[in-house]
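Undergrad: pasting a predicted model and its sequence here:
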Amino acid sequence: MIKYNGKKYETIYDLAMQYGIKPNVLAMRVQRGRSIREAISFKNKRHIKYKGVVYSSRKDLIERLGLDLTPGQLEYRIRKTGSISKALKYKLENAHPATYKGRKYKSLNSLCKSLGVRQGTIHNRVHKQGLSLDEAIARSLR
């Protein structure tokens, strides 16, 4: 039995449904040490601020800045470097151009996006299986 705001709820599921929260999310917040009140009123802060501009998400920042990067890659680089500015600088300094059928691309990621193939698959075929870039892409396009 859970008491919240003067009402009794049989389960955390019932409480979560009353407040429009996924039950597993509410349970995890409580499990991680939040009170019921904190767990219910918690607002996920997905916005990101860069150079004085607030973006609604990492994806929004990437799209509006026209970056050749996925939200997951940006998140990884932010954690690795400690800041958004350093993460974006890291991206610029560590991008390796790729050439396919005579056309130059900013990176393997931009090449894969333009062809509609998964970058991870191409990367693994080249670096782990020893295929040439052309062979790796040809296998993906079959």
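TA: Noted; the coordinates are in hand.
Undergrad: residue 137: what's it in contact with?
TA: 100, 115, 117, 122 (C-beta atoms under 8 Å, 6 or more residues apart in numbering). Every C-beta, even on glycine, is put in place using the N, C-alpha and C of the backbone.
Undergrad: how much space separates the first one from residue 68?
TA: Taken as C-beta to C-beta, to the nearest Å, the spacing of residue 100 relative to residue 68 amounts to 15 Å.
Undergrad: what's the distance between residue 8 and residue 21?
TA: From residue 8 to residue 21 the distance is 18 Å (C-beta to C-beta).
Undergrad: let me have the contacts of residue 137 in TSV, adding distance to residue 42 as columns.
TA: What follows is the contacts of residue 137, written out as TSV (distance: C-beta to C-beta, whole Å):
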residue	distance to residue 42
100	46
115	41
117	39
122	39
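Undergrad: from those residues, pick the one nearest residue 135.
TA: Closest approach to residue 135 among the contacts of residue 137 (C-beta to C-beta): residue 122, at 10.1 Å.
Undergrad: give me the neighbour count for that closest one.
TA: Residue 122: 23 surrounding residues under other C-beta atoms under 10 Å.
Undergrad: please report which of the contacts of residue 137 has the highest neighbour count.
TA: When neighbours are counted by other C-beta under 10 Å, residue 122 leads these with 23 neighbours.
Undergrad: and that one, what does it touch?
TA: 108, 111-112, 133, 136-137, 140.
Undergrad: from residue 130, how far off is it?
TA: Counting by C-beta to C-beta - residue 122 and residue 130 are separated by 13 Å.
Undergrad: need the helices for this structure, in chain order.
TA: 12-18, 23-31, 36-41, 58-65, 71-81, 84-94, 108-115, 119-127, 133-141 (DSSP state H).
Undergrad: for the third one, packing partners?
TA: Counting contacts by 3 or more C-beta pairs under 8 Å, 6 or more residues apart in numbering; DSSP states H and E, helix 36-41 is packed against strand 2-4, helix 23-31.
Undergrad: which regions of this structure sit below the pLDDT cut-off?
TA: Low-confidence segments of the chain, defined by pLDDT under 70: 44-45, 90-95.
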